[in-house]
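In: Build the 3D model from these lines:
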Amino acid sequence: MGSMLLCALSPHPPLLIPDIGGEDLARVAKTENAMKKLASMVKAAGPETIIVISPHALVFQDAIAIHGAEILQGNFGAFGAREVSLSFRNNLKLVAAIAKKASQEGIRIFRLDEQAGRLAGYRYRDYTSLDHGVLVPMYYLREAGVTAKLVAMGTTFLNLHEVYKFGRALREAIEEEDVRAVVIASGDLSHRLLPAAPAGYDPQGAVFDERIIALLREVDVEGVLGLDESLVERAGECGYRPIISLLGTLDGLEATSEVLSYEGPFGVGYGVVVFRPGRPNSDREFMRKISARQRAEVEERRRRESPIVRLARSAVEEYVRRGNILAVPGDLPPELSGRAGVFCSIKKHGQLRGCIGTVAPTRASIAEEVIRNAIAAATEDPRFAPVEPHELDDLVYSVDILTPPEKVAGLDELDPKRYGVIVRRGGRSGLLLPDLEGIDTAAKQVEIAKRKAGIRPDEDVELERFEVVRYF
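Out: The predicted structure follows:
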């Protein structure tokens with residue numbers, strides 16, 4: 001059986017490369033020395049493959065990208081040092097095993113290779129070129145004499161529990177493929193430590209860095225997962241999600257850590273932390289605890305859902321599991337027997353998973369409208385892959401029943417909390433539902449509706465508004 005020898009958090013500022021950092025390298029001497037120490041530790045461990053999770057690789061909302069070319073290469077030309085280049089042989093067998101194991105856990109993998117490049121319309125070299133999130137730590141490993149193969153991947157905007165679960169799947173793939181591996185989460189911490197920082201200043205940046213370094217020192221998985229979302233957002237970091245996948249690789253294991261260094265002289269936090277996996281410990285099976293909490297939440301949610309939402313959920317589950325369109329109930333309550341436009345929205349772990357609707361009625365009853373639009377939201381929204389059976393227990397539904405739209409003269413007659421909006425120009429139209437998170441002004445509401453319709457911001461449009469009754 002294979003083994004995960006070490007895990008590490010590595011920063012990735014290009015200035016750590018001597019040809020780029022120059023005199024500034026002296027200002028990050030702690031980080032440079034820690035990177036050299038980390039590289040020596042990796043060399044001593046003798047891995048066959050290095051796995052790097054980088055936030056600067058291609059990132060998907062609902063999938064994880066993994067480089068699939070046989071040879072992976074890159075240079076620091078974007079930072080004025082094209083002559084500093086690196087090339088590695090990929091461990092394609094392990095890549096395939098990771099993809100298979102992740103798929104079994106319901107996590108989609110996108111392989112970055114020539115075929116994928118043609119399908120997605122990108123140039124092939126975009127899929128073989130390594131980003132600096134991979135190149136910086138690998139530079140130090142190469143300098144230390146590490147000659148292992150490389151598996152390079154990005155992170156994802158999936159829910160944090162899915163990001164953590166991917167880490168667990170990653171370790172299981174390592175073990176099943178009988179490979180000796182080191183996993184590196186590449187990421188800088190807050191980018192907002194100083195007024196002159198590249199992302200601006202926020203006093204919460206230092207709070208985030210202090211907190212996460214303390215949590216990593218104790219390998220406090222639940223503490224890292226439970227960090228306040230607003231704190232993470234205000235920190236302006238790029239390492240949080242790679243860190244969570246790294247911690248997922250340690251799920252169910254005892255582990256110790258050593259903080260080799262932390263500093264932020266340029267307003268960006270650089271932390272170097274090494275983790276040593278230990279023996280199995282059922283008390284540290286956090287994935288099991290997370291799953292138990294999620295099941296309890298599902299049961300409570302099902303207990304409280306309205307009849308309309310129960311109908312939408314039942315329609316999706318029947319179609320996804322058996323391919324059948326649910327029959328309209330024989331004894332309809334009053335709110336389902338009329339006719340109206342209906343929008344069905346589906347979320348998974350707080351993120352949109354599908355939304356399809358009709359502005360005006362197209363079916364004989366609201367019930368039939370709900371059934372058809374719920375199925376469409378789950379299977380036909382072009383922004384997402386169709387819902388799969390293993391996802392059904394994680395889905396949260398809402399149903400909006402629309403009033404007939406009415407024309408309005410301008411923005412002053414709109415209220416994004418109360419009214420949805422429809423914009424029209426010629427044959428193009430776009431719709432946005434009311435009371436959506438992050439949309440607080442009529443101007444913003446119209447801007448997004450125009451974008452959805454393919455209408456330029458400076459083009460005039462006809463405006464309509466409508467109200468909804470929203471069911472959960």
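
In: Show me how the protein divides into domains.
Out: Domain ranges of the chain: 3-288, 305-402, 403-472, per automatic domain parsing.

In: start to end distance for the second one?
Out: If I follow you right, that is domain 305-402. End-to-end distance for domain 305-402: 19 Å, by C-alpha to C-alpha, to the nearest Å.

In: where in the stretch 101-250 of the chain is pLDDT low?
Out: 114-128 (pLDDT under 70).

In: Turn the domains of the chain into CSV, including distance to A296.
Out: Bear in mind the C-beta positions are built from the backbone N, C-alpha and C, glycine included. Converted to CSV, these look like this (distance: least, C-beta to C-beta, whole Å):
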stretch, distance to A296
domain 3-288, 13
domain 305-402, 12
domain 403-472, 18
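
In: which residues of the stretch 351-472 of the chain fall in helices?
Out: Secondary structure of the stretch 351-472 of the chain, counting by DSSP state H, counting those that start in this stretch: helices at 366-379, 442-453.

In: Put the alpha carbons of the last one into CSV.
Out: As requested, the backbone C-alpha atoms of helix 442-453 are provided in CSV (Å, rounded to 0.1, in the frame of the first residue of the first chain):
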residue,chain,number,x,y,z
ALA,A,442,-32.0,48.6,-8.8
ALA,A,443,-29.1,49.7,-11.0
LYS,A,444,-27.2,46.5,-10.0
GLN,A,445,-30.3,44.4,-10.7
VAL,A,446,-30.7,45.8,-14.2
GLU,A,447,-27.0,45.5,-14.9
ILE,A,448,-27.1,41.8,-14.2
ALA,A,449,-30.3,41.2,-16.1
LYS,A,450,-28.8,43.0,-19.1
ARG,A,451,-25.7,40.8,-18.9
LYS,A,452,-27.8,37.7,-18.8
ALA,A,453,-29.6,38.9,-21.9
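
In: For that helix, name the packing helices and strands.
Out: strand 420-425, strand 428-432 (3 or more C-beta pairs under 8 Å, 6 or more residues apart in numbering; DSSP states H and E).

In: Need the winner for burial among these.
Out: With neighbours defined as mean count of other C-beta atoms under 10 Å, these peak in mean count at strand 420-425, which reaches a mean of 22.

In: Paired strands for that one, with orientation please.
Out: strand 428-432 (antiparallel), strand 462-466 (antiparallel) (DSSP bridges).

In: out of those, nearest to I401?
Out: Comparing those by their distance to I401 (C-beta to C-beta), the top pick is strand 462-466, with 10.4 Å.

In: and the angle for the closest one with helix 442-453?
Out: Angle, strand 462-466 to helix 442-453, by axes from the mean of the first three to the mean of the last three C-alpha atoms, to 10 degrees: 110 degrees.

In: got the buried residues for strand 462-466?
Out: For strand 462-466, a neighbour-count test (16 or more other C-beta atoms under 10 Å) marks 463-466 as buried.

In: With pLDDT added, can I get the residues you listed in TSV?
Out: Putting these into TSV (pLDDT from 0 to 100) gives the following:
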residue	pLDDT
L463	94
E464	94
R465	95
F466	92
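
In: Please identify which of these is nearest to E300.
Out: When the buried residues of strand 462-466 are compared against E300 (criterion: C-beta to C-beta), the nearest one is F466, at 31.7 Å.

In: from what I can see that closest one touches K407, true?
Out: No. Using C-beta atoms under 8 Å, F466 makes no contact with K407, being 10.8 Å away.

In: which SS class is K101?
Out: helix (DSSP: H, G, I helix; E, B strand; the rest coil).

In: All set now, cheers.
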